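J.: Any chance you can model this:
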Amino acid sequence: MLEVIDKGVCTPAHPVPLLFLHGGCHAAWCWDEHFLDYFAEHGFRAVAPSYRGHGNSGTNKPLRQCTIADYLADARRVAADLGTAPILVGHSTGGFIIQKHFEDGDAPAAVLLASTPPQGIMRGALRVWRNHPWIAMRENIIGRHHGIFNTPALAREHLFSPGTPEEIVVDCAARVENDSIHAVFTDMAFRLPKPAAVRVPVLVLGGVEDGTIANFEVHATARAFGTTAELFPGMGHNMMLEPGWRDVADRIRIWLGAQGF
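T.: Numbering: from 1, shown residues only. Model prediction:
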């Protein structure tokens, strides 16, 4: 069984639901802090699942064996249950999953927040190895991933801007969880998406002070979808949890309205 947080209802003004896909070492809770209520209050149905083995979702195989294909299957399963094909909103690994979906699937529109780029996670992984070689070695040897995020100092470095209040950083560091190295490293380094000619609108957003996805990688994602990236000053990787989250949500809502959603 998958954990699915479902808020709001589709309305005549916004008949298409929004499906929010979380990043690695997170779960549906990261959307439930602010975004789900925000969009529900603005007349959308806002739905966020936790992939298998994340949050309160079960898994029928060990987490370490889970793949990006498994996470994509989870997202597609939840989407199919909505009755109407949803607009996809993905953060980090969730954005990579959306890119994989577009290889042989479709959606009315997509929003990518601080997404892993089409070129994959290798550059980001090398940055972690360069800055924290012992932590990276330990995490790979014991087959986990969240050890690069699960202290306040590491969470701030990789997930938040320097200006984020400490209590937000501490809370997130305590809530990040283990993930599959197979999914968040092997698949995202070697099983890269093959962006085709996507005929649906795609919004690409990033944070200027993102310590996980570099600004040039956000621009690379935008180019792959034939659009231009928008970068938020003073924001880090976890754009939906930063103090400026409302500016990001407003931009998404206004953009959706401009696309007729």
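J.: what sits against the residue most central in space within the chain?
T.: Taking Cα atoms, centre = their mean, the centroid of the chain lies closest to His91, which sits 1.8 Å from it. With contacts defined as Cβ atoms under 8 Å, 6 or more residues apart in numbering, His91 is in contact with Phe20, Leu21, His22, Gly23, His26, Cys30, Leu113, Ala114, Ser115, Asn238, Met239, Met240. Glycine gets a C-beta too; all of them are placed from N, C-alpha and C.
J.: before we move on, what about Ile254?
T.: With Cβ under 8 Å, 6+ apart, Ile254 has no contacts at all.
J.: Buried residues, stretch 186-202. List them.
T.: Of all the residues in stretch 186-202, those buried under the rule 16 or more other Cβ atoms under 10 Å are Asp187, Met188, Ala189, Leu192, Pro193, Pro195, Val198, Pro201, Val202.
J.: That one: end-to-end distance?
T.: Stretch 186-202 has its terminal residues 26 Å apart, counting by Cα to Cα, to the nearest Å.
J.: any residues touching it, and which ones?
T.: In contact with stretch 186-202 (Cβ under 8 Å, 6+ apart) are residues 67-69, 93, 96, 99-100, 102-103, 106-112, 116, 118-122, 125, 224-227, 255, 259.
J.: 6 Å - rerun?
T.: Under the criterion Cβ atoms under 6 Å, 6 or more residues apart in numbering, residues 67-68, 96, 99-100, 102-103, 109-110, 116, 118, 120-122, 224-225, 227, 259 lie in contact with stretch 186-202.
J.: Give the buried subset of those as a ChimeraX selection command.
T.: Remark: buried members of the contacts of stretch 186-202, expressed as a ChimeraX selection using 16+ other Cβ under 10 Å:
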select :67,68,96,99,100,102,109,110,116,118,120,121,224,225
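J.: Could you list the low-pLDDT ranges of the stretch 51-200 of the chain?
T.: Counting by pLDDT under 70, the stretch 51-200 of the chain shows low-confidence ranges at 124-148, 196-197.
J.: Output the contacts of His91 as a markdown table; include the columns neighbour count and distance to Glu157.
T.: Converted to a markdown table, those look like this (neighbours: other Cβ atoms under 10 Å; distance: Cβ to Cβ, whole Å):
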| residue | neighbour count | distance to Glu157 |
| --- | --- | --- |
| Phe20 | 27 | 25 |
| Leu21 | 30 | 24 |
| His22 | 26 | 20 |
| Gly23 | 28 | 16 |
| His26 | 28 | 16 |
| Cys30 | 25 | 18 |
| Leu113 | 28 | 19 |
| Ala114 | 30 | 15 |
| Ser115 | 30 | 19 |
| Asn238 | 29 | 12 |
| Met239 | 25 | 16 |
| Met240 | 24 | 18 |
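J.: picking up where we left off before, dihedrals phi and psi, the residue nearest to the centre of the chain?
T.: Dihedral pair for His91: phi -110, psi 130, per degrees, to the nearest 10.
J.: Please apply the same query to His42.
T.: Main-chain torsions, His42, degrees, to the nearest 10: phi -100, psi 20.
J.: contacting residues for it?
T.: For His42, the contacting residues are Arg253, by Cβ under 6 Å, 6+ apart.
J.: ok, now Glu3?
T.: Neighbouring residues of Glu3 by Cβ under 6 Å, 6+ apart: Ala28, Ser50, Gly55, Asn56, Ser57.
J.: Phe44 now?
T.: Counting by Cβ under 6 Å, 6+ apart, Phe44 touches Gly8, His14, Leu18.
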